[in-house]
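> have a look; sequence and predicted model below, questions after that.
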Amino acid sequence: MDITSVKFLSMAVATVLITGCGGGGGGGSTASSSAQLSLDTQGYGGKKASLRVQGDLEDATTAYSDINGVISLVEDVEVSLQSPSGDTAVATAAAAEPEYSCVNPDGVVDVQQTIGSTSENYVFTLSNCQVQTFNHGVLLLNGEYRLEATASGDGSSGTVAQRIDISGQELDSGADLAILGSQTATIRATSDSNYSITTVSPSMEYRLGNEYVATRNSEFVVSQSVDIYTLSMSTDLVSSALGGYVSFSTPTPIEVVLTEDCPIRGHVLLEGDGTVEARYGQSTGRGFGLEVLVNGSEVSYEDTCVAALPL
């Protein structure tokens with residue numbers, strides 16, 4: 001596993017975890033021991049969100065998927081900054097590829113990149129930079145994005161650390177936006193089908209106008225052993241749409257056989273001012289299927305897993 005593989009694998013897993021395919025060991029975080037949320041001006045991180053009926057599960061999982069906006073927007077900006085001519089880009093590494101530029105002549109994107117045989121570091125610094133993105137309209141951005149990736153000499157392990165501190169405005173709507181947070185992924189692998197990745201993040205915050213969503217005190221773990229994936233997580237989801245936070249955890253990690261539609265086992269727990277649980281396969285009272293419980297009482301059951309995982 002070379003440095004390119006380390007970067008690709010960690011980012012692919014981060015995207016999967018964010019967009020809704022897995023969940024983690026341990027209980028949910030509590031506000032008293034939580035990482036500081038700098039963009040949470042309304043204090044959502046100190047309020048438990050409502051979890052009293054099955055519809056609250058849908059609201060919580062919808063809000064969880066909103067955090068994908070962080071990954072989606074960062075990727076959109078990076079691709080949109082690439083330009084055939086780097087007239088307004090400043091690259092400290094000679095003949096750096098690809099080149100980057102802002103839409104506005106007075107905007108600047110400074111790209112610093114260092115590449116070695118077992119490491120790759122780069123820093124994007126944006127100053128008054130307008131970006132015509134593919135999916136988010138025209139953005140005016142200031143701030144910094146850092147990525148540091150390392151791999152062991154034998155390719156059996158690696159780390160990818162990311163730090164985002166970006167602010168600006170969505171020019172089409174006039175809404176202020178900000179992304180602030182960090183995460184570190186640690187990878188261990190003996191082969192392409194036998195690996196584990198642990199991603200830890202104190203906080204990852206995203207604000208657009210009055211919309212706010214964040215994860216806090218997060219640990220995501222995904223592993224593959226031949227044809228079995230194991231997924232686990234522990235995180236607080238803080239959301240303006242929920243009016244507070246919900247703690248996600250997996251008391252029993254989710255195990256999925258690649259050739260099967262349903263997990264063979266797994267227990268997902270959501271905790272707010274009440275609890276919602278989803279149990280899969282051998283973790284259900286029947287030993288198969290999917291059951292959903294609200295405050296300890298079953299409210300639905302399916303003998304298949306046509307419904308998406310609640311993460």
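Done, it's in.
> and the longest strand for this structure?
When the chain is parsed with DSSP state E, its longest strand is strand 175-191.
> buried stuff in stretch 65-77?
Neighbour-count burial for stretch 65-77, with 16 or more other C-beta atoms under 10 Å as criterion, is recorded at 66-74, 76-77. In short, each C-beta sits where N, CA and C put it, glycine included.
> equivalent analysis for stretch 47-66, please.
Taking 16+ other C-beta under 10 Å as the neighbour-count basis, stretch 47-66 is seen to contain the buried residues 47-51, 56-57, 59-61, 63-64, 66.
> strands of this structure, start to end?
Counting by DSSP E, the segments of the chain that form strands are 89-91, 108-115, 119-132, 138-151, 157-170, 175-191, 194-208, 211-225, 228-239, 244-257, 265-271, 275-281, 290-294, 297-302.
> so the last one versus strand 290-294, what angle?
Taking axes from the mean of the first three to the mean of the last three C-alpha atoms, to 10 degrees, one finds strand 297-302 and strand 290-294 inclined to each other by 160 degrees.
> who are the packing partners of strand 297-302?
Under the contact definition 3 or more C-beta pairs under 8 Å, 6 or more residues apart in numbering; DSSP states H and E, strand 297-302 sits against strand 290-294.
> contacting residues around the strand it packs on?
Residues from elsewhere that reach strand 290-294, judged by C-beta atoms under 8 Å, 6 or more residues apart in numbering: 51-54, 56-57, 262, 274-280, 284-285, 298-302, 304-305, 307, 310.
> ok, residue 303 - contacts?
Under the contact definition (C-beta under 8 Å, 6+ apart), the residues listed for residue 303 are 286, 288-289.
> closest one to residue 40 out of those, please.
When those are compared for distance to residue 40, the smallest value, 38.1 Å, is given by residue 289; criterion: C-beta to C-beta.
> give me the pLDDT value at the nearest residue to the closest one once chain neighbours are set aside.
The shortest distance from residue 289 to any residue that is not its chain neighbour, by C-beta to C-beta, 6 or more residues apart in numbering, is 4.3 Å, and that residue is residue 303. For residue 303, the pLDDT comes out at 81.
> swap in residue 248?
92.
> next: the one 4 residues further on.
The pLDDT attached to residue 252 in the predicted structure is 95.
> I'd guessed it sits against residue 284; true?
No: under the contact definition of C-beta atoms under 8 Å, residue 252 does not touch residue 284, with a separation of 10.7 Å.
> that older thread, the strands of the chain: which one's closest to residue 42?
Ranking the strands of the chain by their distance to residue 42 (criterion: C-beta to C-beta) puts strand 211-225 first, at 7.1 Å.
> what pairs with the closest one, and is each one parallel or antiparallel?
Strand 211-225 pairs in its sheet with strand 194-208 (antiparallel), strand 228-239 (antiparallel), by DSSP bridges.
> and residue 74, how far is that from residue 144?
Distance, residue 74 to residue 144, by C-beta to C-beta, to the nearest Å: 12 Å.
> give me the common contacts of the two.
Common neighbours of residue 74 and residue 144 (C-beta under 8 Å, 6+ apart) are residue 164.
> picking up where we left off before, the longest strand of the chain packs against which elements?
Using 3+ C-beta pairs under 8 Å, 6+ apart as the contact criterion, the secondary-structure elements in contact with strand 175-191 are helix 3-19, helix 68-81, strand 157-170, strand 194-208, strand 211-225.
> so which of the strands of the chain comes closest to residue 101?
strand 89-91 (4.6 Å).
> hang on, the earlier thing: tell me the most buried of the helices and strands packed on strand 175-191?
When the helices and strands packed on strand 175-191 are scored by mean count of other C-beta atoms under 10 Å, the highest mean neighbour count falls to strand 211-225 (a mean of 22).
> what average pLDDT does it get?
92.
> just how off-centre is that strand within its chain?
Using C-alpha atoms, centre = their mean, to the nearest Å, the mean C-alpha position of strand 211-225 is found 6 Å from that of the whole chain.
> next, the buried residues of stretch 268-281.
Using 16+ other C-beta under 10 Å as the burial criterion, the residues of stretch 268-281 that qualify are 268-272, 274-281.
> would you agree residue 82 is in contact with residue 99?
Yes: under the criterion of C-beta under 8 Å, residue 82 makes contact with residue 99 at 7.0 Å.
> the more surrounded of those two?
residue 99 (18 against 13; other C-beta atoms under 10 Å).
> now that one: how far from residue 121?
As defined by C-beta to C-beta, residue 99 lies at a distance of 18 Å from residue 121.
> understood, closing this out.
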